[in-house]
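>>> my questions are about this predicted structure, shown below with the sequence.
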Amino acid sequence: MKNRINLLDEITINKIAAGEVVERPSSIVKELVENSIDAGADRIIIEVENGGKSLIKITDNGCGIPSSEVKKCFLRHATSKIDKIDDLFNLFTLGFRGEALASICAVSKLEMTTKFEDEAVGTKITLVGGNIEAKEAVGANTGTSIVIKDLFFNTPARKKFLKTDHAELMNITDIVNKLAIGYPNVKFRYLNAGKLMVNTPGDGKLVSAVRSIYSREVSENLIEINYDCSLFKIDGYIGNNNIYRSNRNLQHIYINGRFVKSKIIYDAIANAYKSIIPINKHAVCFINLHLDPQKVDVNIHPGKIEVKFEKENEIKLEIMEYIRAKLLKQSLIGKYETFD
Ligand code: ADP
Ligand code: MG
């Protein structure tokens, strides 16, 4: 080791940080679609090729970016969503870290066309490995379209860690399904190499989004839930005893609109379904949990996929009891013996 300490330049910092935010093509799809949702879009088109390795294109009809802000949004920690730390506890957007675009553009070839709703002319900007190559005024519809090509072209070590096109595509599909069901008011179109994979109606009904993505077997075996107590509100659908899976892919849990992995909720569900579905199987559920944003910490994971909230144990117990009671009402308890 040399004895000199270097201050890394912005592009190197972004390439390093990209390791956290942009692990793989599906994480890019997640970040970009979340940006579209934050921009108020109600139509989002996602196009990918080669599992997202050669192309990811996201087009939205959100508010767009003012031409004066277009360069800025690629800077690290540049965000229009918060301006002080307290805002994190009063957050109504999915993004807040101002890292995604900076990270993504550092490890890809990116082209963005955007037109802000209050401006007449749009902007097209091209970046290669985080360097701005061109910026021009263009005619465009209100909204934003981002094309990401040649992911990790300048970080070969990262590129090597990508899985097969098929495996990466499966990850993207999983994320798109989760986002589309989490936002049934948004019409999602998802295409792989030109082939339509997902097309949700955007009619605001969770069950319509579920129906357009999963089989009838799933949508016809759901029980509606809706519960409001002092600690939280919960709504959505849970599967009956006819449907269960060997993994958690069909457990969609959203906290304040954010898709999350939550051990607390997983446990509550597993306990509620004891003796209803076989041991080692996972129930199907599409659950929105609404918590006071003041009591949720969304900033514990760079991908924002985990969150922490207050009174976890009380909430866990109350959700478990509510779901259990709901299943009991349908006389579903006792179909399978438990062994503990
Ligand atoms: P964050 O979402 O945490 O703010 P990003 O790096 O994802 O950070 O985006 C930076 C900024 O660029 C956003 O705060 C927003 O102002 C703008 N932006 C990004 N994507 C879009 C989009 N699709 N529509 C409108 N504005 C966008
Ligand atoms: Mg973002």
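Structure received. Ligands and ions are numbered 1, 2, ... in the order given.

>>> the closest residue to Lys57 other than its chain neighbours: neighbour count?
Taking CB to CB, 6 or more residues apart in numbering, and ignoring the residues beside it in sequence, Lys57 has Glu47 as its nearest neighbour in space, at 4.3 Å. Heads up, the C-betas are built off the backbone N, CA and C, glycines and all. Applying other CB atoms under 10 Å, we find 17 other residues in the vicinity of Glu47.

>>> contact partners for Leu75?
10, 98, 102 (CB atoms under 8 Å, 6 or more residues apart in numbering).

>>> ok, now which ones touch the second one?
Going back to what we said before, that points to Gly98. With CB under 8 Å, 6+ apart, Gly98 has these contacts: 75-79, 81.

>>> how about a cut-off of 7 Å?
76-79 (CB atoms under 7 Å, 6 or more residues apart in numbering).

>>> and the helices in the stretch 151-300 of the chain, which stretches?
According to DSSP state H, counting those that start in this stretch, the stretch 151-300 of the chain carries its helices in the segments 156-160, 165-182, 206-213, 216-219, 263-272.

>>> can you check which of these gets nearest to Ile65?
Among the helices of the stretch 151-300 of the chain, helix 165-182 comes nearest to Ile65, with 20.6 Å by CB to CB.

>>> please name every helix or strand in contact with that closest one.
helix 25-38, strand 43-49, strand 187-192, strand 195-199, helix 206-213, strand 251-255, strand 258-259 (3 or more CB pairs under 7 Å, 6 or more residues apart in numbering; DSSP states H and E).

>>> again, only using 6 Å
Here helix 165-182 touches helix 25-38, helix 206-213, strand 251-255, going by 3 or more CB pairs under 6 Å, 6 or more residues apart in numbering; DSSP states H and E.

>>> between the ones you listed, which gets nearest to ligand 2?
Closest to ligand 2 of these, according to CB to the ion: helix 25-38, at 4.4 Å.

>>> what's the neighbour count on the residue lying closest to Glu224 once chain neighbours are set aside?
Residue nearest to Glu224 in three dimensions, not counting chain neighbours: Tyr237, with 5.8 Å by CB to CB, 6+ apart. By the criterion of other CB under 10 Å, Tyr237 has 21 neighbours.

>>> in contact with Tyr237, which residues?
222, 224, 286 (CB atoms under 6 Å, 6 or more residues apart in numbering).

>>> output those residues as CSV; include the columns distance to Ile300.
Shown next, in CSV, are the contacts of Tyr237 (distance: CB to CB, whole Å):
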residue, distance to Ile300
Leu222, 31
Glu224, 31
Phe286, 24
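
>>> wait, doesn't Ile82 sit right on Phe96?
Yes - contact criterion CB atoms under 6 Å: Ile82 and Phe96 qualify, at 4.9 Å.

>>> overlap in contacts of these two?
Joint contacts of Ile82 and Phe96 (CB under 6 Å, 6+ apart) do not exist.

>>> residue numbers of the protein in contact with ligand 1?
31, 35-36, 39, 60, 62-65, 73, 78-81, 95-102, 144 (CB under 6 Å from any ligand atom).

>>> pLDDT weak spots in the chain?
For the chain, applying pLDDT under 70 flags the ranges 1-2, 18-19, 302-304, 331-340.

>>> got the phi and psi for the closest residue to ligand 1 within the chain?
In the chain, no residue comes nearer to ligand 1 than Gly95, which is 2.2 Å away by CB to the nearest ligand atom. Backbone torsions of Gly95, given as degrees, to the nearest 10, read phi -90, psi 160.

>>> rewinding a little: restrict the residues of the chain next to ligand 1 to those near ligand 2?
35, 95, 100 (CB under 5 Å from the ion).

>>> now distance to Ile315 and neighbour count too, for those, in TSV please.
As requested, those are exported to TSV (distance: CB to CB, whole Å; neighbours: other CB atoms under 10 Å):
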residue	distance to Ile315	neighbour count
Asn35	29	24
Gly95	25	20
Ala100	29	23
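
>>> find the closest residue to ligand 2 in the stretch 101-250 of the chain.
Counting by CB to the ion, the stretch 101-250 of the chain gets nearest ligand 2 through Leu101, at 7.1 Å.

>>> swap that for the chain, sorry
Gly95 (2.9 Å).

>>> that residue and Ala78 touch, don't they?
No - contact between Gly95 and Ala78 fails when scored by CB under 6 Å: they sit 11.0 Å apart.

>>> count of neighbours near the nearest residue to Gly64 once chain neighbours are set aside?
Spatial nearest neighbour of Gly64, excluding adjacent residues (CB to CB, 6+ apart): Phe116 at 4.1 Å. Phe116: 22 surrounding residues under other CB under 10 Å.

>>> of the contacts of Gly98, select the buried ones using a ChimeraX command.
To isolate the buried ones among these in ChimeraX, judged by 16 or more other CB atoms under 10 Å, type:
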select :76,79
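
>>> quick check: domain ranges of the protein?
10-199, 215-329 (automatic domain parsing).

>>> and the end-to-end length of the longest one?
By that I understand domain 10-199. End-to-end distance of domain 10-199 (CA to CA, to the nearest Å): 39 Å.

>>> what about it, distance to the chain center?
Here domain 10-199 is found 12 Å from its chain centre; the criterion is CA atoms, centre = their mean, to the nearest Å.
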